[in-house]
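Trainee: Here is my input; please provide its structure:
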Amino acid sequence: MTGPVAALVGSLLLAGLSTLGDFLWAHFVSRHRAVLGLAHGTLLLLAAGLYLGALRSRAAAGALAGALVGLLAAASFYALAPFFGYAAMFVSWMALWIGFTILDARLRGGVRMRETLARGVAAAITSGLAFYAISGIWTRPEPAGPNYPYHFLCWTVAFLPAFAALLVGVAP
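Mentor: Now for the predicted structure:
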């Protein structure tokens, strides 16, 4: 699978899982609790790590590292939120993509640090801007309830720049 196709497939897969997460939060969570957010981040990003690991023929290592990145990103949100409110979400989102860039570099092996940092910064900035652009799906929720096809589109837009920064122009 080529880099652009892998980036699109990864974005679609994670958008589907994120939309499922939106459904679960809307229908089964009456009050936000940190433990649920930590579980959500861990499981969602376990899937992202599994996907990257599968692309590198190291699925188990990718899944475990992805879960760790997800847990750390979610924990960083809860640590920063008392000081920055929802803005902490954007910082955590950008940091998780730097973490995934490092993860992908380790899965590929023998990658130069300069390239890894450049891809990490690109993933963080571009996906951070996309994440901010779609943030209305939770900061300004629809009065009639979530529009799941729209959420799926928004999540695809949010994930695509990061997966593109990680996967386009990189040998498998």
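
Trainee: gap between the residue lying farthest from the centre of the chain and G16?
Mentor: In the chain, the residue that sits farthest from the middle, by Cα atoms, centre = their mean, is A144; the gap is 26.6 Å. The gap separating A144 from G16 is 22 Å, by Cβ to Cβ, to the nearest Å. Glycine gets a C-beta too; all of them are placed from N, C-alpha and C.

Trainee: Show me which residues of the strand or helix carrying A124 are buried.
Mentor: Per DSSP states H and E, A124 falls inside helix 113-134. By 16 or more other Cβ atoms under 10 Å, the buried positions in helix 113-134 come out as 116, 119-120, 122-124, 126-128, 130-132, 134.

Trainee: tell me the mean pLDDT for that helix?
Mentor: Averaged across helix 113-134, the pLDDT comes to 92.

Trainee: Distance from it to the middle of the chain?
Mentor: Its chain's C-alpha centre and that of helix 113-134 lie 11 Å apart, by Cα atoms, centre = their mean, to the nearest Å.

Trainee: Also stretch 104-124?
Mentor: Centroid separation for stretch 104-124 versus its chain: 16 Å, with Cα atoms, centre = their mean.

Trainee: Quick check: D22 touching H151?
Mentor: Yes - when contacts are counted by Cβ atoms under 8 Å, D22 is listed as touching H151 (5.1 Å).

Trainee: Overlap of the contact sets of those two?
Mentor: Common neighbours of D22 and H151 (criterion: Cβ atoms under 8 Å, 6 or more residues apart in numbering): I137.
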